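Undergrad: Starting from these lines, generate the structure:
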Amino acid sequence: MSAIAFGGSLRRVRFLHEVHAGLLRWTAPHPEWQANAPAESPADWPREVGCVLSHARGGTVLIDPLIPPDRGAFLGELDGQIRMRGASVSVVTTIGFHRRSRDELAERYGARTSRARSALPAGVEPLPIRGAGETMFWLPDHAAIVTGDRIIGAGGGGLRLCPESWLAYLPSGLNLATLRERLHPLLELPIERVLVSHGDPVLSGGRSALAEALA
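TA: Numbers count the residues shown, from 1 in each chain. Okay, here's the model as predicted:
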């Protein structure tokens, strides 16, 4: 934790927030965020992006990690989590754009970076979305799915698909209608939590929120 001035006093800031036993989330400002980006444009996302730490059965995994500006305080807190568990570490990303702090943290913790099923610890299952340039992660012990850019937070605590403009760079030519079809199998999972990179996470009723987004 770090101390910052607030109203003439000091308050403690904790970076990592436990959203379920052994499942933590934090946010950090995106380094390429643009103020006043046109709505639904490729640059239209909230400044803060979400990152995940899961103490899975077979080890600790960091998903889409981004180091906040207060590096020292954050890394001290993250080091504490890694030491407390004392397990092997994996650092993975859902999408190529989210490799921002991957290599630095992998070197720091001697971590694996492969998201292949055989390389991940027990309790972490990759879910590649065909043609979408993204691999989501299912954390069965937490009934949680971690998404990258294809499912994002919506106003009112719900979920939505990404703007169609976010798909334009994909060589597959994927559009939102096809993406919706390819995401439908996710509804077979007993999802309680959806941890998104962009927007607010859904911490209960995740399957219903996802079903509504895909309707």
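Undergrad: List the contacts of stretch 203-213.
TA: Stretch 203-213 has contacts (Cβ atoms under 8 Å, 6 or more residues apart in numbering) with 19-20, 143-145, 151, 154, 157-161, 183, 186-187, 189-194, 202. Bear in mind the C-beta positions are built from the backbone N, C-alpha and C, glycine included.
Undergrad: Let's see that with 10 Å instead.
TA: Contacts to stretch 203-213, defined as Cβ atoms under 10 Å, 6 or more residues apart in numbering, come from residues 19-20, 23, 25, 143-145, 147, 151-154, 157-161, 180, 183-184, 186-195, 202.
Undergrad: What subset of these is buried?
TA: Neighbour counting with 16 or more other Cβ atoms under 10 Å marks 19-20, 23, 25, 143-145, 147, 151-154, 158-161, 183, 186, 189, 191-195, 202 as buried within the contacts of stretch 203-213.
Undergrad: So which of those belong to helices?
TA: If you go by DSSP state H, these have residue 183 in helices.
Undergrad: by contact count, what packs against the longest strand along the chain?
TA: Secondary structure of the chain per DSSP state E: the longest strand is strand 48-56. Using 3 or more Cβ pairs under 10 Å, 6 or more residues apart in numbering; DSSP states H and E, the elements in contact with strand 48-56 are strand 17-20, strand 23-29, strand 59-63, helix 71-85, strand 89-92, strand 134-139, strand 144-146, strand 193-195.
Undergrad: Pull the contacting residues for the closest residue to residue 48 other than its chain neighbours.
TA: Computed as Cβ to Cβ, 6 or more residues apart in numbering, the closest residue to residue 48 that is not its neighbour in sequence is residue 27, at 4.1 Å. By Cβ under 10 Å, 6+ apart, the contact set of residue 27 is 15, 17, 46-51, 66, 68, 197, 200-201.
Undergrad: Can you tell me which of the residues you listed is closest to residue 81?
TA: Distance to residue 81, by Cβ to Cβ, is smallest for residue 15 among the contacts of residue 27, at 10.1 Å.
Undergrad: Spell out which helix or strand contains that closest one, please.
TA: Using DSSP states H and E, residue 15 falls within no helix or strand.
Undergrad: hang on, isn't it packed against residue 24?
TA: Yes. Applying Cβ atoms under 10 Å as the test, residue 15 and residue 24 come out as touching, 9.1 Å apart.
Undergrad: if I look at those two, which residues touch both of them?
TA: With contacts defined as Cβ under 10 Å, 6+ apart, the residues shared by residue 15 and residue 24 are 51, 77-78.
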